[in-house]
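In: Show me the folded form of this:
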Amino acid sequence: MHNAPFYAAAEQNREPILAVLAKLFDRPGLVLEVGSGSGQHAVHFATNLPHLTWQATDLPEQLPGITRWREIAGLDNMLAPLTLDLADPNWPVAACDEAFSANTAHVLPWRLVEAMLAGIAARLRPGGRFCLYGPFRYGDRHTSESNASFDASLRRRDPRQGVRDALRLEEFGLEVGLVLEGDREMPVNNRLLVFRRNAGETK
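Out: Now for the predicted structure:
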């Protein structure tokens, strides 16, 4: 894999996610990706959505892998990755047209999940969308036995982690100006939550 980090899950879910993003992110603009991980998603989406400029971000230790994928792809519309630590209120991107994050909410402490939503809401253009991919539960109910087991394993590893409640995300989103406008079923018991930046909110 050209010395670039590779995750099978990112390879498996990229096409279903792309199918949704292609419909939602239909105007030229800058997409801010929070928690880009290996960089596989960033390269795939930038390749297949050439009208968009893709800004990958993550913690410093992830940036070399993302940079390697960017070098391999040689894309004009994928910017050099930037450090984004959700514990730091100073983000490296001041504004964006759309935003995306995959498989982050369940590994972040809840306070950083809130920081992610609030930070995106503060930078997203009115009417812009934030798509959040991953496993979610609804109230006290998991959508599958495998998600319940995954949630338990996360909480054993770190009590601050866990499969997040989509209803709680929706509730907090409203507080910061993000309206949940879509909840798409995805393969392997995952979902894609689609938030729209409330045009009535001010930056």
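
In: Confirm that A121 sits in a helix.
Out: Yes - per DSSP: H, G, I helix; E, B strand; the rest coil, A121 lies within a helix segment.

In: hang on, it packs against L178?
Out: Yes - using CB atoms under 8 Å, A121 makes contact with L178 at a distance of 5.0 Å. The C-beta positions use only the backbone N, C-alpha and C, and glycine is treated the same way.

In: what touches both of the two?
Out: Both A121 and L178 are contacted by 130, 197, under the criterion CB atoms under 8 Å, 6 or more residues apart in numbering.

In: Same drill for the two, tell me which one is more crowded.
Out: Using other CB atoms under 10 Å, the more surrounded residue of A121 and L178 is L178, with 28 against 22.

In: Now do stretch 52-61, average pLDDT.
Out: Average pLDDT, stretch 52-61: 98.

In: what's next to that stretch, contact-wise?
Out: The contact list for stretch 52-61 (CB under 8 Å, 6+ apart) reads 25, 28-37, 39, 42, 45-46, 66, 70, 75, 77-79, 81-85, 92-93, 96, 98.

In: what do you get if the cut-off is 7 Å, keeping everything else the same?
Out: When contacts are defined by CB atoms under 7 Å, 6 or more residues apart in numbering, stretch 52-61 is touched by residues 25, 28-37, 39, 42, 45-46, 66, 77-79, 81-85, 92-93.

In: again with stretch 101-117
Out: Contacts to stretch 101-117, defined as CB under 7 Å, 6+ apart, come from residues 17, 33-35, 41, 86-87, 132-135, 154, 160-164, 172-173, 176, 178.
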